[in-house]
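>>> Structure, please.
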Amino acid sequence: MTVDLSDIFTIDPEVGYLGLVLVSFFGSLIPFVPFPAFLLLAAMSIGDQFDPHVLVLLSAVMATAAKQIIFYISYGGRKIITEKMRKRIKPFERLVKRYGAVAAFVAAATPIPDDLIYIPLGLAKYNPLRFFISTLAGKIVLGYVIVYVSRGFGLSFIDPLLGKVQNTNDLYIGTAIFVGITTGTVVLMLRLNWEKILGKVAPWAVNPEKDENNN
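Numbers count the residues shown, from 1 in each chain. From the prediction side, this is the model:
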């Protein structure tokens, strides 16, 4: 017997939008774990019980608010990483900062682990207002895609993700493994020598003077 969404989420009309608010915020506040909010939004989109525009706006605003917190934590995170590590990742910070608005939008509008972009943007002290606007716009786009795909096709597009899951414990274990992999990716990203990696493909990211002139 495979997992049904009703085993994971109970959509009570009396809770309704409040449940989406809580899951969207706290689910997005945990780095690299967008899946629960995605599933709940998809499930609530089916039928006419909930207004699709309200669903999108609530999920987008709350997810963006949570990501803004992660961004600000990273913004001050420069104080807790070593100077050696700061020197290694500085070229990557310059890279994501130059394309900050586009990077934040794409990360928000697609189901990629967006914190892989948001954390470097925070470390690079990217403009907080631009970050918020770009992320909110991306979350709204992603929300509408999820809502209208769910309303048009039901949950059949999610079935391949859950088809081989035998119980909710398997889903939780899979989520934990995913979080572990993405966390490891962040650690690797912080340890790579970005000066050597970007030296040929984006020399301006390595040279501070060129970076300042471009800005």
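>>> Only C-alpha atoms from now on, for both contacts and neighbour counts.
OK.
>>> which of the residues in stretch 44-52 are buried?
Neighbour-count burial for stretch 44-52 flags 44-46, 52 (criterion: 16 or more other C-alpha atoms under 10 Å).
>>> Show the average pLDDT along it.
The predicted model assigns stretch 44-52 a mean pLDDT of 84.
>>> what helices or strands is the top helix by length along the chain leaning on?
Ranked by residue count under DSSP state H, the longest helix found in the chain is helix 128-153. The elements that helix 128-153 packs onto, with contact taken as 3 or more C-alpha pairs under 8 Å, 6 or more residues apart in numbering; DSSP states H and E, are helix 35-45, helix 52-75, helix 100-109.
>>> ok, and for that helix, which residues are buried?
131-132, 134-147, 149-151.
>>> pLDDT on that helix, on average?
Across helix 128-153, the average pLDDT comes to 92.
>>> tilt between that helix and helix 35-45?
50 degrees (axes from the mean of the first three to the mean of the last three C-alpha atoms, to 10 degrees).
>>> that older thread, got the buried residues of stretch 44-52 as CSV, with distance to Val206 columns?
Output for the buried residues of stretch 44-52, formatted as CSV (distance: C-alpha to C-alpha, whole Å):
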residue, distance to Val206
Met44, 47
Ser45, 46
Ile46, 49
Pro52, 45
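>>> Name the nearest of those residues relative to Thr183.
Met44 (29.7 Å; C-alpha to C-alpha).
>>> Tell me if I'm right that that closest one and His53 touch.
No: assessed by C-alpha atoms under 8 Å, Met44 is found out of contact with His53, at 11.8 Å.
>>> rank the helices and strands packed on helix 128-153 by pLDDT, which is bottom?
When I compare the helices and strands packed on helix 128-153, helix 35-45 is least confident, with a mean of 77.
>>> Would you mind pulling up the elements that it packs against?
Helix 35-45 packs on helix 16-29, helix 52-75, helix 128-153, going by 3+ C-alpha pairs under 8 Å, 6+ apart.
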